[in-house]
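Enquirer: Just the structure for this:
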Amino acid sequence: MDFDQQLQLRFALIESSKVLQSLHLYHGAKWSSEALNGLCPLTNEQKVAVFQQSQQRPPFSFLPQHSQEEFLEFTEQDKLLMAASYFSFKEFDRCAHVLKDCTSPRGLFLKLYALYLSGEKTKYDETGGVLGQQDGKVQNQKLTEISKELENYGKQSTRGQLEDPFLLFLNGLVAAKLKDNAAAQECFYKSLTIYPFNWSCWSELIANLASFGEALNVLNKFSKNAKFMNNRLYHVMLRFFKITISQEFFQQFNELYEDLSYLLDIFPKFSYLKIQKALISYNALDYVAAENIFDDVLENDPLRLDDMDTYSNILYVMEKKSKLAFLAQFASQIDNFRPETCCILANYYSLKFDHQKAIMYYKRALALNRNCLSAWTLMGHEFVELKNSHAAIESYRRAVDTNNKDFRAWYGLGQAYEVLDMHLYSLYYYQRACALKPLDKRMWQAVGNCSEKLGEYEDSIKAYKKALSVSSEYDPVIFYKLATLYQSIKDDQNAAVYMKLCLDEEVNEGVTTETTKARLWLARYELHHQNWQAAYDYASEMTHGTSHEIEEARSIAREARVNLNRNG
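Expert: Numbers count the residues shown, from 1 in each chain. Presented below is the predicted three-dimensional model:
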């Protein structure tokens with residue numbers, strides 16, 4: 001990307017940050033301003049050149065310019081300023097009332113967005129506490145009103161449909177809440193083709209995608225759009241989208257690393273990109289690499305709390321108690337009432353086996369943000385530890401309702417139903433987890449185990465073989481499982497093959513419970529087939545196991561030796 005293109009990108013991000021801030025889309029404004037500061041810093045000479053250019057030419061803008069709309073906004077300026085101040089104080093109904101007669105796109109957006117947030121606030125007030133009887137059952141009562149007003153406004157425009165990118169975004173937001181995902185995606189798509197620098201819109205689109213296949217279809221749709229094909233700045237935003245959906249759906253491919261490298265060259269100091277890289281390592285179970293990236297992010301942005309709950313998950317898995325304790329204390333000093341802080345504290349108490357206190361902090365995180373996915377899922381894990389399967393199931397269900405792309409919640413549901421011996425339900429949820437993370441052998445092992453309990457031995461064998469094929473390392477446990485499954489369907493020949501493969505792993509894994517059992521099984525098998533030397537070799541090398549197993553091995557060795565001497 002040459003200097004002129006980088007300059008255009010800089011101006012686009014400045015404009016985006018200002019526009020989104022004025023519309024109170026704080027998430028998108030924050031992302032744009034962080035992206036702006038993540039660009040390569042300008043030299044003093046470049047700063048002078050940029051300033052001179054900005055004085056000589058009209059300001060760069062990605063927003064469509066309509067003189068009639070600008071005039072309307074100018075005439076409504078007094079009300080817009082007063083409404084904005086009410087919005088900042090969260091007086092949403094008052095803000096909407098002030099703007100009730102406004103007809104400019106910005107005035108209409110602020111009015112309807114204020115109504116939307118007022119409805120969300122009322123909804124949360126009526127639900128009661130987290131996991132209460134009404135939690136998740138109450139709907140935002142303002143959605144239909146907002147949808148109808150947007151529809152009427154669109155009909156009155158020159159083309160008979162909505163054309164403003166932010167009204168399209170709001171329409172998509174409402175459609176998503178009404179569970180009309182196809183309409184929501186179409187609105188988000190149209191909004192982004194008009195104005196691609198609204199990260200709030202990209203985020204809502206990603207949240208609305210149910211599967212990786214669906215995400216790829218949307219990606220192809222953007223890729224074929226002339227704007228995204230021909231405009232370098234549009235293409236930059238599309239690369240951010242590609243990286244994020246890859247991380248969200250736990251998919252890894254060569255293009256992902258190319259896109260990351262390309263964007264990091266443009267945004268070397270952008271924490272969001274670094275964290276996406278850390279999350280990719282985390283999902284690939286490379287916890288050390290993920291930890292190092294988070295350490296680097298905190299070194300450059302020491303008061304950052306965004307995504308630090310994920311960092312605490314990494315430290316939890318690595319069992320770094322002292323580092324997690326320091327992070328918990330550090331986060332508490334920055335802001336004790338951030339959902340991320342509550343999740344960090346919950347992880348800290350969970351690692352200390354104080355599950356009740358962990359649940360208390362997860363509930364606090366959810367009281368602050370009901371869409372905090374990790375809190376729902378991890379609270380489910382805590383209920384499992386307390387043997388409260390019904391509460392665990394409810395927590396996992398809320399996680400799935402919030403984001404059905406997280407395999408952990410589906411996997412947790414499978415585990416919870418397995419504890420209740422409801423294996424058919426358990427199998428369904430494990431299969432959903434498998435569909436989301438097909439390259440994780442743990443998912444296939446869970447499917448195989450559940451299928452075995454249901455007596456579906458052929459399906460179980462297929463699942464365990466799939467677990468082997470997606471793993472870079474051979475696992476004696478899986479080999480032993482396959483052997484016992486073949487034994488269950490009276491296929492001793494294949495059972496022997498997998499018992500031998502299990503035993504061969506003793507070289508890499510050392511003696512394990514599975515290799516010991518495999519050795520004894522092979523000794524019995526060879527004795528049964530009168531292969532006395534092989535039976536003797538397997539039995540005589542048996543040095544580990546229960547007293548009963550060792551005694552049986554000695555008995556087989558004696559019998560094989562007798563037969564060898566008799567035939568010798």
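Enquirer: Under a three-state scheme, what state does residue 398 occupy?
Expert: For residue 398, the reduced secondary structure class is helix; criterion used: DSSP: H, G, I helix; E, B strand; the rest coil.
Enquirer: Spatially, which residue comes closest to it, not counting chain neighbours?
Expert: Leaving aside its chain neighbours, residue 398 sits nearest to residue 376 (4.6 Å; criterion: Cβ to Cβ, 6 or more residues apart in numbering). Backbone N, C-alpha and C define where each C-beta goes, glycine included.
Enquirer: what's the host helix or strand of the one you found in contact with?
Expert: Following DSSP states H and E, the helix or strand that holds residue 376 is helix 373-385. Here helix 373-385 makes contact (Cβ atoms under 8 Å, 6 or more residues apart in numbering) with 309-310, 313, 339, 342-343, 346-347, 350, 355, 358-359, 362-363, 365-366, 369, 389, 391-393, 395-396, 398-399, 402-403, 406, 408-409, 412, 415-416, 419.
Enquirer: again with stretch 234-241
Expert: Applying Cβ under 8 Å, 6+ apart, the contact partners of stretch 234-241 are 9, 192, 196-197, 199, 202, 205-206, 219, 222-223, 227-229, 259, 262-263, 266.
Enquirer: Repeat the analysis, applying 7 Å as the threshold.
Expert: Contacts to stretch 234-241, defined as Cβ atoms under 7 Å, 6 or more residues apart in numbering, come from residues 9, 196-197, 202, 222, 227-228, 259, 262-263.
Enquirer: Tell me, what's the model's pLDDT at the residue nearest to residue 398?
Expert: On pLDDT, residue 376 comes in at 94.
Enquirer: and it, how far is that from residue 41?
Expert: 40 Å (Cβ to Cβ, to the nearest Å).
Enquirer: What are the buried residues along the longest helix along the chain?
Expert: As far as residue count goes, and with DSSP state H defining each element, the longest helix of the chain is helix 105-127. Within helix 105-127, the residues that qualify as buried by neighbour count (16 or more other Cβ atoms under 10 Å) are 105-120, 122-123, 127.
Enquirer: Now the helix or strand just after it - C-alpha only, PDB.
Expert: Scanning the chain past helix 105-127 towards its C-terminal end, the next helix or strand to appear is helix 143-156 (assignment: DSSP H and E). As requested, the backbone C-alpha atoms of helix 143-156 are provided in PDB (Å, rounded to 0.1, in the frame of the first residue of the first chain):
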ATOM      1  CA  LEU A 143     -38.800  -3.600  18.000                       C
ATOM      2  CA  THR A 144     -42.000  -3.700  15.900                       C
ATOM      3  CA  GLU A 145     -42.500   0.100  16.300                       C
ATOM      4  CA  ILE A 146     -38.900   0.800  15.100                       C
ATOM      5  CA  SER A 147     -39.200  -1.700  12.200                       C
ATOM      6  CA  LYS A 148     -42.500  -0.100  10.900                       C
ATOM      7  CA  GLU A 149     -41.000   3.400  11.100                       C
ATOM      8  CA  LEU A 150     -37.900   2.400   9.200                       C
ATOM      9  CA  GLU A 151     -40.100   0.700   6.600                       C
ATOM     10  CA  ASN A 152     -42.300   3.800   6.100                       C
ATOM     11  CA  TYR A 153     -39.200   6.000   5.900                       C
ATOM     12  CA  GLY A 154     -37.700   3.800   3.200                       C
ATOM     13  CA  LYS A 155     -40.900   3.900   1.100                       C
ATOM     14  CA  GLN A 156     -40.800   7.700   1.100                       C
END
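Enquirer: so what does helix 143-156 touch, helix or strand wise?
Expert: In terms of contacts (3 or more Cβ pairs under 7 Å, 6 or more residues apart in numbering; DSSP states H and E), helix 143-156 is packed against helix 105-127, helix 165-177.
Enquirer: Now do the contacts for residue 27.
Expert: When contacts are counted by Cβ under 7 Å, 6+ apart, residue 27 is found next to 199-200, 203.
Enquirer: let's go with 6 Å and repeat that
Expert: Residue 27 makes contact with residue 200 under the criterion Cβ atoms under 6 Å, 6 or more residues apart in numbering.
Enquirer: Then residue 113?
Expert: Taking Cβ under 6 Å, 6+ apart as the definition of contact, the neighbours of residue 113 are residue 170.
Enquirer: ok, now with 10 Å
Expert: Applying Cβ atoms under 10 Å, 6 or more residues apart in numbering, one finds that residue 113 lies in contact with 23-25, 87, 92, 95-96, 146, 166-167, 169-170, 173.
Enquirer: coming back round to it: rebuild the helices and strands packed on helix 143-156 as TSV, extending it with distance to residue 455 and mean pLDDT.
Expert: Rendered in TSV, the data for these read as follows (distance: least, Cβ to Cβ, whole Å; pLDDT from 0 to 100):
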stretch	distance to residue 455	mean pLDDT
helix 105-127	42	92
helix 165-177	42	96
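Enquirer: list the helices and strands the helix or strand residue 200 falls within packs on?
Expert: With the criterion set as DSSP H and E, the secondary-structure element containing residue 200 is helix 199-208. Packed against helix 199-208 by the contact rule (3 or more Cβ pairs under 10 Å, 6 or more residues apart in numbering; DSSP states H and E) you find helix 3-22, helix 26-38, helix 165-177, helix 181-194, helix 212-224, helix 232-248.
Enquirer: mean confidence score for the first one?
Expert: Within the predicted structure, the mean pLDDT of helix 3-22 is 89.
Enquirer: Flag every buried residue along that helix.
Expert: 6-13, 15-17, 19-20.
Enquirer: so who does the residue nearest to the spatial centre of the chain touch?
Expert: For the chain, the residue sitting closest to the mean C-alpha position, by Cα atoms, centre = their mean, is residue 248 at 4.3 Å. Shown here is residue 248, whose contacts under the criterion Cβ under 10 Å, 6+ apart are 206-207, 209, 212, 215, 276, 279, 283, 403, 405-406, 436.
Enquirer: go again using 8 Å as the cut-off
Expert: Residue 248 makes contacts with 206, 209, 215, 405, as judged by Cβ under 8 Å, 6+ apart.
Enquirer: Go ahead and confirm the first one touches residue 245.
Expert: Yes - here residue 206 reaches residue 245: they are 6.0 Å apart, a contact under Cβ atoms under 8 Å.
Enquirer: these two touch, right, residue 140 and residue 177?
Expert: Yes - in this structure residue 140 lies within contact range of residue 177 using Cβ under 8 Å: 6.0 Å.
Enquirer: joint contacts of these two?
Expert: Taking Cβ under 8 Å, 6+ apart as the criterion, residue 140 and residue 177 do not both touch any residue.
Enquirer: Can you tell me the SS state at residue 278?
Expert: Under the three-state scheme (three-state DSSP), residue 278 adopts helix.
Enquirer: separation between it and residue 33?
Expert: Note on residue 278: its distance to residue 33, by Cβ to Cβ, is 21 Å.
Enquirer: Likewise for residue 200?
Expert: To residue 33, residue 200 is 13 Å away according to Cβ to Cβ.
Enquirer: Settle it for me: which of these two has more neighbours?
Expert: Comparing residue 200 with residue 33 by other Cβ atoms under 10 Å, the one with more neighbours is residue 200, at 21 against 17.
Enquirer: nearest residue to that one other than its sequence neighbours?
Expert: In space, and not counting its chain neighbours, residue 200 is closest to residue 28: 3.5 Å by Cβ to Cβ, 6+ apart.
Enquirer: Residue 209 now?
Expert: Distance criterion Cβ to Cβ, 6+ apart; nearest residue to residue 209, sequence neighbours excluded, is residue 215 at 4.6 Å.
Enquirer: Just give the number of residues close to the one you found.
Expert: By other Cβ under 10 Å, the residues close to residue 215 number 23.
Enquirer: again, but for the one 10 residues further on
Expert: Residues lying near residue 225 (other Cβ under 10 Å) number 16.
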